[in-house]
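K.L.:
Predicted model, plus sequence, below.
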Amino acid sequence: DELYVVQTNTDELEVIARAESHPIVWWRPWLNGSVLAFTLGHADFSLENPGYQTLLRNSVRWMVGYPIIEPLSIGFFADDTSSVEDVLDLSKRTHIRSNAAVVFTLENNRPDLVSASIDENDKVDLQFKTGATGQATIGVIAKTEMGRSARTEFTVEVRKRGEGNLSAYHGVTAHSSSNE
């Protein structure tokens, strides 16, 4: 899709998304409501693009007050990990147009592998079953006081220590010095 230079007659707009520093999605107040502007989608190949469809769907949902949760990913954990605090900050990964309060809940398909909880600051803490390995899917539900909700999920994979790509493990760090 081609990008356009946008000129408006108001400063009352909020850019929601940019491409190559060009605004492609924005909203502004209009009379007793608001208007969402979306500059992409001029050809069939654009309309059929999954990224375009996700951006359009999330923009409209955000505009009418649904929370939008960014994609979540946290990597792998070694089987001797007992717990990890603050692995995800849901308040920083969730966007809502209004100042409405959002309540988060979690769903877990493998409580035999990992338990997940949310602390008072909307951060996810994980507790692992010692020695267990496998994959768990954790569902995250964000719900506003008006009952509008969104759901996404992330995968927690626990492996025997040292198996697979070590750089993908949660908490792995590398140190170097000028002597190396």
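P.N.:
Here it is on my side, so go on. Residues are numbered from 1 along each chain as shown.
K.L.:
and Val114, how many neighbours does it have?
P.N.:
Other residues within reach of Val114, judged by other CB atoms under 10 Å, total 23. From N, CA and C alone the C-beta is placed, and that goes for glycine too.
K.L.:
er, Asn32 I mean
P.N.:
Residues near Asn32, counting by other CB under 10 Å: 5.
K.L.:
Name the SS class of Arg57, please.
P.N.:
Here Arg57 is recorded as helix under DSSP: H, G, I helix; E, B strand; the rest coil.
K.L.:
Tell me, how many residues neighbour Val140?
P.N.:
22.
K.L.:
Which helix or strand contains it?
P.N.:
Using DSSP states H and E, Val140 falls within strand 134-144.
K.L.:
pLDDT (mean, whole number) over the host helix or strand of Ser34?
P.N.:
Applying DSSP H and E as the criterion places Ser34 in strand 33-38. Averaging pLDDT along strand 33-38 yields 87.
K.L.:
Alpha carbons of the helix or strand following it, in PDB - could you do that?
P.N.:
Following strand 33-38 in sequence order, the next helix or strand is helix 44-47 (DSSP H and E). Extracted in PDB, the C-alpha atoms of helix 44-47 (Å, rounded to 0.1, in the frame of the first residue of the first chain):
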ATOM      1  CA  ASP A  44      -7.300  -6.100  -2.700                       C
ATOM      2  CA  PHE A  45      -3.800  -7.400  -1.700                       C
ATOM      3  CA  SER A  46      -3.900  -4.900   1.200                       C
ATOM      4  CA  LEU A  47      -7.300  -5.900   2.300                       C
END
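K.L.:
Show me what counts as buried in helix 44-47.
P.N.:
Counting neighbours by 16 or more other CB atoms under 10 Å, one finds that helix 44-47 has no buried residues.
K.L.:
packing partners for the strand holding Ser34?
P.N.:
Secondary-structure packing of strand 33-38 (3 or more CB pairs under 8 Å, 6 or more residues apart in numbering; DSSP states H and E): strand 22-30, helix 50-63.
K.L.:
Format those as a markdown table; extra columns: mean neighbour count and mean pLDDT.
P.N.:
Listed next are these as a markdown table, based on neighbours: other CB atoms under 10 Å; pLDDT from 0 to 100:
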| stretch | mean neighbour count | mean pLDDT |
| --- | --- | --- |
| strand 22-30 | 17 | 85 |
| helix 50-63 | 15 | 90 |
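K.L.:
Now Ser149: closest residue in space that isn't a chain neighbour?
P.N.:
For Ser149, ignoring the flanking residues on the chain, the nearest one in space by CB to CB, 6 or more residues apart in numbering is Lys143 at 4.1 Å.
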